[in-house]
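Peer 1: Need a 3D model of the sequence below.
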Amino acid sequence: MSRKTDKTSRQTQRDSARTARLEAVRKQQRDSARRRKAVIVAASVAVVGLIGGVSWAVVGATDSGSPTQSKAALTGLQTYSKLARDHVTGKVPYPQTPPVGGNHSATWQNCGVYSAPVPNEEAVHSLEHGAMWITYRPDLPASDLTALLDDVSGEPYALVSPYPGLPSPIVASAWGVQLKLTAASDPRLKSFINTYKSGSKAPEPGGECTGGTGTPKG
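Peer 2: A predicted model of the protein is given here:
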């Protein structure tokens, strides 16, 4: 077998493996999204019975699927270059909150939705693999959190977690870029997700986002 044929075969195998990983993660997230939706609907029905349907109005007001949101310009996007990429042990003093890149743990954080903060060093490794890290203040209103989770539903390279001490209620990060938002209804959130969900701008796009550390709830 020639070198060219052998190289093509290896590339085909890598592409097939990546496609299989993505499909497995998408299936896991679809199942989790269905479970989340069932819980949200049940909770909404209970609240409607108590306060006469006000909650439905709030949820409806945060619809994240409008065409306007997908076309919003990413004004305010901050970019960072020349980020280190070494594997290290221990804590790293990142200059951004949350970090957008830099030295990180040798283990990545599994993508998905978390109800508790995740370590910076593991999350940065996930960013290197092409993940988006959507962080939010722990006191974010429930309606905003619901809208945020709807926006990332089905995205296999989305990492979502609360983050105490954020400079704004929601911060969307990918490798080398960051966007601060005051609410999930901001159309720039959906635009950020659409722009960076492929992970193509990361150093190692398509790297593992499962099989690392952490057990996401969705």
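
Peer 1: so where do the helices sit in this structure?
Peer 2: Applying DSSP state H to the chain gives helices spanning 3-51, 54-61, 67-71, 120-128, 142-152, 187-196.

Peer 1: so for the longest one, what's the average pLDDT?
Peer 2: With pLDDT averaged residue by residue, helix 3-51 scores 52.

Peer 1: And the fourth one, by the same measure?
Peer 2: Confidence over helix 120-128, taken as the mean pLDDT, stands at 98.

Peer 1: just checking, what packs against it?
Peer 2: strand 132-136, strand 158-162 (3 or more C-beta pairs under 8 Å, 6 or more residues apart in numbering; DSSP states H and E). Placement of C-beta: from N, CA and C, glycine included.

Peer 1: Out of these, which is closest to Ala147?
Peer 2: With C-beta to C-beta, the closest approach to Ala147 among the helices and strands packed on helix 120-128 belongs to strand 132-136: 10.8 Å.

Peer 1: Could you please name the strands the closest one pairs with and the direction of each pair?
Peer 2: Strand pairing for strand 132-136, determined by DSSP bridges: strand 158-162 (parallel), strand 170-174 (antiparallel).

Peer 1: Next, format those as a markdown table and append distance to Ser115 and mean pLDDT.
Peer 2: Formatted as a markdown table, those follow (distance: least, C-beta to C-beta, whole Å; pLDDT from 0 to 100):
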| stretch | distance to Ser115 | mean pLDDT |
| --- | --- | --- |
| strand 158-162 | 7 | 98 |
| strand 170-174 | 16 | 98 |
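
Peer 1: Which of these has the highest mean neighbour count?
Peer 2: The highest average neighbour count among those, using mean count of other C-beta atoms under 10 Å, belongs to strand 170-174 at a mean of 25.

Peer 1: shouldn't Glu128 be in contact with Trp175?
Peer 2: Yes. With contact defined as C-beta atoms under 8 Å, Glu128 and Trp175 form a contacting pair (6.1 Å).

Peer 1: Common neighbours of these two, please.
Peer 2: Gly101, Ala202, Pro203 (C-beta atoms under 8 Å, 6 or more residues apart in numbering).

Peer 1: Let me know the closest of those to Thr79.
Peer 2: Out of the shared contacts of Glu128 and Trp175, the member with the shortest distance to Thr79 (by C-beta to C-beta) is Gly101, at 10.7 Å.

Peer 1: can you tell me how far that closest one sits from Pro95?
Peer 2: 10 Å (C-beta to C-beta, to the nearest Å).

Peer 1: Also Arg137?
Peer 2: Using C-beta to C-beta, we find Arg137 at a distance of 20 Å from Pro95.

Peer 1: So Ala116 is in contact with Val160, correct?
Peer 2: No. Between Ala116 and Val160 there is no contact under C-beta under 8 Å: 11.5 Å.
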